[in-house]
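K.L.:
sequence and predicted structure, then a few things I'm wondering about:
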Amino acid sequence: MSETSYDFGMIGLGVMGRNLLLNMADHGFAAIGFDKDISKAALLESSATSDTVVKGVSTLAEMVQQLKRPRKLMMLVPAGPIVDSVIGDLLPLLEKDDIVIDGGNSHYTDTLARINYLKDKGIHFMGMGVSGGEHGARTGPSIMPGGDVEAWKELKPLLEAVSAKVNDEPCVAYMGKGAAGHYVKMVHNGIEYAIMQLISEVYDVLKQSLGLNNDELHEVFKKWNEGALQSFLIEISAAIFLNQDDITKDRLVDVILDKAGSKGTGKWTSQDAMNLPVSIPTIDMAVAMRDLSSYKEERVAAAALYKPKIKTVSNDREKVIAQLHDALYAAMIVCYAQGLSMLHKASAELQMEIPLKDVVRIWRGGCIIRSTLLETFTTAYKRDADLSNILLNKKVASLIKKTQNGLRKTVQRGAAGKIPVAGLSSALGYFDAWCSEKMPTNLIQAQRDFFGAHGYQRVDKEGSFHTEWE
């Protein structure tokens, strides 16, 4: 091919970068990629579908020179200083109106700084969330671009082509101003943390309290995935229980150490929620429980010291399983509600103008937190685009009313049986507090005024008041 023949360039040819670029090539775009590891550039070419235009190169300059103008290129490299280093290497090679995308999980404040820095140099910069893992990148992810509107207009046809589709609608949309793309992806990941925690707790009750083996667990989750709980995370959970370990020949899930990893986006969600402030306790708890899982030695010592005896259930197993289904369903709704309420507030506070109706619409396919619930949410936001909390929607309220008893019973069972259900408990606590016309916070305000003269407001008149309590 001649010079300036390629439609899109990728910097970073790891699994995600390679698969996303191959996806673009499959949709008729000439794709070129760069990685410092020459073997990854070779793998890109060897993995390409026949009759597609794909090239791997070993220098940034070689890639940039062969891109059509305005150049469209994307970084899929680890968040942090590496992103700034790549931008520094790119700048001497770029021209006015070229488009640079950060497709990694950068913190939105870093993205804002980069937008402003490159804007002064005439370069369009976008922060863009990509969800769906390696399979989604190859076959159709959910894509969350934000920031530069002119760049979005240029990129829209390409991104719509490669994104996941639901009812022929592309799972990509403009997420708003500034760093909205990365902000939406951050909250998406926070919701992901929370739902994964809820599923793990229900699994724990099924396994420890009801004594279900892996085949039975598979059947339960498979059945759930055929109904109201249908979602990607329930689907893969069902599959996990059948996977055999090559070494021990036992089920793989049983030989995996109970220490969870993380890449920081869940923690960022909690930190930024507290700064807004907005309440997302189930996401907070999911982060906390991952942290607690890392204290394996202490947990082993504590178990030996306190000797918790798990209370098992021998009767009414089907009834308990039905309650667990409802508990998970209600708590998942609350998870989404917390994350979406955070986006609603952040959109106003940070002037991002995030369209929640489009957020839930593009999460329906391709992404890790896709579920049938998002169809209900999409309908709700079409009716009221400025809904501050999805729990205020009448349809959603009817779903909670039908399932909340299962959540209450499950939290009770977990506490009585000494099985930790911190995520489920936090979801129930949030819901009950959120539905409380009057909370006991008046006592907290009295205490604050007593020891710190912080003042308080009254229910019967306007203004701020202070009492000399002693």
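P.N.:
Received, thanks. Numbers count the residues shown, from 1 in each chain.
K.L.:
only C-alpha atoms from now on, for both contacts and neighbour counts.
P.N.:
Noted.
K.L.:
could you chop the protein up by domain?
P.N.:
Annotated domains of the chain cover 8-174, 185-434 [automatic domain parsing].
K.L.:
pipe the ones you listed into JSON lines and attach mean neighbour count, distance to G463 and mean pLDDT per row.
P.N.:
JSON lines is the format used below for these (neighbours: other CA atoms under 10 Å; distance: least, CA to CA, whole Å; pLDDT from 0 to 100):
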{"stretch": "domain 8-174", "mean neighbour count": "20", "distance to G463": "36", "mean pLDDT": "95"}
{"stretch": "domain 185-434", "mean neighbour count": "18", "distance to G463": "22", "mean pLDDT": "96"}
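K.L.:
tabulate these (TSV), appending distance to A453.
P.N.:
Output for these, formatted as TSV (distance: least, CA to CA, whole Å):
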stretch	distance to A453
domain 8-174	35
domain 185-434	23
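K.L.:
Q445 is nearest to which of those domains?
P.N.:
Distance to Q445, taken as CA to CA, is lowest for domain 185-434 among these, at 16.9 Å.
K.L.:
and the closest one, how far out from the chain's middle?
P.N.:
Between the mean C-alpha location of domain 185-434 and the chain-wide mean there is a distance of 12 Å, by CA atoms, centre = their mean, to the nearest Å.
K.L.:
check stretch 427-443 too.
P.N.:
26 Å.
K.L.:
same check, this time on stretch 155-167
P.N.:
That offset, for stretch 155-167, works out to 20 Å (CA atoms, centre = their mean).
K.L.:
which other helices and strands does the longest helix along the chain contact?
P.N.:
Secondary structure of the chain per DSSP state H: the longest helix is helix 317-349. Applying 3 or more CA pairs under 8 Å, 6 or more residues apart in numbering; DSSP states H and E, we find helix 317-349 packed against helix 180-204, helix 281-293, helix 356-362, helix 394-417, helix 422-434.
K.L.:
alpha carbons of the last one, as PDB, please.
P.N.:
The C-alpha trace of helix 422-434 is given here as PDB (Å, rounded to 0.1, in the frame of the first residue of the first chain):
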ATOM      1  CA  ALA A 422     -21.400  -7.500  53.500                       C
ATOM      2  CA  GLY A 423     -22.300  -6.400  49.900                       C
ATOM      3  CA  LEU A 424     -25.900  -7.700  50.200                       C
ATOM      4  CA  SER A 425     -26.200  -6.000  53.600                       C
ATOM      5  CA  SER A 426     -24.900  -2.700  52.300                       C
ATOM      6  CA  ALA A 427     -27.400  -2.800  49.400                       C
ATOM      7  CA  LEU A 428     -30.300  -3.400  51.800                       C
ATOM      8  CA  GLY A 429     -29.000  -0.800  54.200                       C
ATOM      9  CA  TYR A 430     -28.700   1.800  51.400                       C
ATOM     10  CA  PHE A 431     -32.200   1.000  50.200                       C
ATOM     11  CA  ASP A 432     -33.800   1.200  53.600                       C
ATOM     12  CA  ALA A 433     -32.000   4.500  54.400                       C
ATOM     13  CA  TRP A 434     -32.900   5.900  51.000                       C
END
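K.L.:
that one vs helix 180-204, what angle?
P.N.:
Relative orientation of helix 422-434 versus helix 180-204 (axes from the mean of the first three to the mean of the last three CA atoms, to 10 degrees): 110 degrees.
K.L.:
ok, L324 - contacts?
P.N.:
Taking CA atoms under 8 Å, 6 or more residues apart in numbering as the criterion, L324 is in contact with 202, 406-407, 410.
K.L.:
could you identify the most distant pair in the residues you listed?
P.N.:
Greatest spatial distance among the contacts of L324 (CA to CA): V202 and G406, at 11.6 Å.
K.L.:
so which of the helices and strands packed on helix 317-349 comes closest to G28?
P.N.:
Closest among the helices and strands packed on helix 317-349, using CA to CA: helix 356-362, at 22.6 Å.
K.L.:
give me the contacts around that closest one.
P.N.:
142-143, 170-173, 175, 184, 340, 343-344, 374-375, 377-378, 381-382, 385-386.
K.L.:
next helix or strand past that helix?
P.N.:
Past helix 356-362, further along toward the C-terminus, the next helix or strand under DSSP states H and E is helix 373-383.
K.L.:
okay, angle between the one helix or strand A302 maps to and helix 281-293 too, please.
P.N.:
Here A302 sits within helix 296-306, counting by DSSP H and E. Interaxial angle, helix 296-306 versus helix 281-293 (the same axes, to 10 degrees): 90 degrees.
K.L.:
list of residues touching helix 296-306?
P.N.:
Counting by CA under 8 Å, 6+ apart, 258-259 sit against helix 296-306.
K.L.:
using CSV, write out every CA atom in it.
P.N.:
Only the C-alpha atoms of helix 296-306 are listed here, as CSV (Å, rounded to 0.1, in the frame of the first residue of the first chain):
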residue,chain,number,x,y,z
LYS,A,296,-5.3,-14.4,54.0
GLU,A,297,-2.9,-15.2,56.9
GLU,A,298,-4.8,-13.0,59.3
ARG,A,299,-8.1,-14.6,58.2
VAL,A,300,-6.7,-18.1,58.7
ALA,A,301,-5.5,-17.1,62.2
ALA,A,302,-8.9,-15.5,63.1
ALA,A,303,-10.8,-18.6,61.9
ALA,A,304,-8.7,-20.7,64.2
LEU,A,305,-9.2,-18.3,67.1
TYR,A,306,-12.9,-17.7,66.8
